[in-house]
Every structure is written in structure tokens, then in C-alpha cells.
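Asker: From the sequence below, what's the structure:
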Amino acid sequence: MLVETPKSPIVKAVQLMVILVAALWLIEVLDVLIFDNDLDEQGIIPRTWGGLDGVLWAPLLHGGFGHLLANTLPLLVLGGFVALAGIRRWIAVTTFVVLVGGLATWLVARSAIHIGASGLIFGYAGFLLVAGFVEKSVKGIGVALLVGFLFGGMVLRGITPVATWVSWESHLLGLAAGVLAAFAIATPESERVAAADR
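Answerer: Coordinates of the predicted model:
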């Protein structure tokens, strides 16, 4: 009889993020080859009822392979760090950032079609920068410092309105949603230990 050994959290996190990124690349290939880039019109169109469902679709759509390539590594790394704490937590953070950041973009962003996973990426960054401090976790604070070191410049550049073709609004609002998610989802380590002892 064979008994499968449980996968490590790192393996699970890597698998999850590779599947997500592969799905995004497949969607972009289909958009280019079959849909003639028409899927991009399904993004967030602020303050229009027809653009409200873009809150769900925008993170899956990209304005070409260069746009997706620029998002691939940050999505793998930051999403992977979030997924290290468990798939359930990754789902909760992802859902919170997509809905809260996306709805905020729909409410206040300039009139344009907002697409791309970068709002989610900035949400992951915001979550990771704050969650360790909320949890009072040495490991989490270490991750926050590493994320700040590796992606701090990207975050600071991405939330300022320097380029008209960049949805800096979705970056800024995704970052804010990630910070809110840290307060809503992260639990101080002492509370987790107490709950486990009950």
C-alpha cells in the first residue's frame, strides 16, 4: 500500500501560483488568437452598470503579452508569500482584494477600461506589509521587510499618477484593500495559539 506524503506549504503555494499564472497566459493567448483583444473590454469601467462586472474579470485580463509579462513575477512571488499561510487564507485575501479594490476602482477611478492583475498584486503587497505586524509574528514581520525591500520601489512608483496608460488608481486602491484585508483576516499569534489550545 502506498501512502502519499503531505505536500509542504511551499510546494502547495508554488503549484497554486503557477496554475493561476498559466491560466492568465492561456486567457491572453485566447484573447489575441480568437477574440481579437475584445476580452479587454470586459474590464472595470468606472460608474457604469455595464462595467461593474469588470470587478471580477479585470484581474484576469491584460493589454497584451508585455503587460502580462510585467505582472507575472510579482504575482508569483507576492501571491506565493500569501499562499504560504494556507490556501484558505490565500482565497480570503484574494477575494477581499479583488472585490474591495475593484469596487473602489469602479467608484472613483477615471473613466477608462481598467484591466490587469496589478491591482491584486498591490493588494498582496499591502497585505504582506501589514499582516506580520497585526499578527505580531517574527516570521510575518520578516516577510514584510523582504517585500518592502524587493517591491517597495514598485509600490511607490505604481501608486502615483505619472503615466496616463497605467491604472494607478487600481494600484493604490488594491494596496489599500490589501492593508484592510490584513486587519480583517490576520489574527495575532497569541489568539491563534489560545484558540488551538481550547
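
Asker: Now do the helices in the protein.
Answerer: For the chain, the helices defined by DSSP state H cover 9-33, 54-57, 65-83, 87-96, 102-108, 118-135, 138-158, 168-185, 189-197.

Asker: Flag every buried residue along the fourth one.
Answerer: Counting neighbours by 16 or more other Cβ atoms under 10 Å, one finds that the buried residues in helix 87-96 are 89-90, 92-94, 96. The C-beta positions use only the backbone N, C-alpha and C, and glycine is treated the same way.

Asker: now that helix, how far from the centre of its chain.
Answerer: Relative to its parent chain, helix 87-96 has a centroid offset of 10 Å by Cα atoms, centre = their mean, to the nearest Å.

Asker: relative to helix 9-33, how tilted is it?
Answerer: 40 degrees (axes from the mean of the first three to the mean of the last three Cα atoms, to 10 degrees).

Asker: Give me the pLDDT for Met193.
Answerer: Met isn't right for residue 193; it's Val. Note for Val193: predicted pLDDT of 48.

Asker: Ok, Pro188 next?
Answerer: For Pro188, the predicted pLDDT is 81.

Asker: wait, doesn't it sit right on Ala131?
Answerer: No: taking Cβ atoms under 8 Å as the definition, Pro188 is not a contact partner of Ala131, at 10.6 Å.

Asker: Would you mind telling me which of these two has the busier surroundings?
Answerer: Neighbour tally, Pro188 and Ala131, criterion other Cβ atoms under 10 Å: the higher count belongs to Ala131, 27 against 13.

Asker: So that one sits against Ala182, correct?
Answerer: Yes: at 4.2 Å, Ala131 and Ala182 qualify as touching, with contact defined as Cβ under 8 Å.
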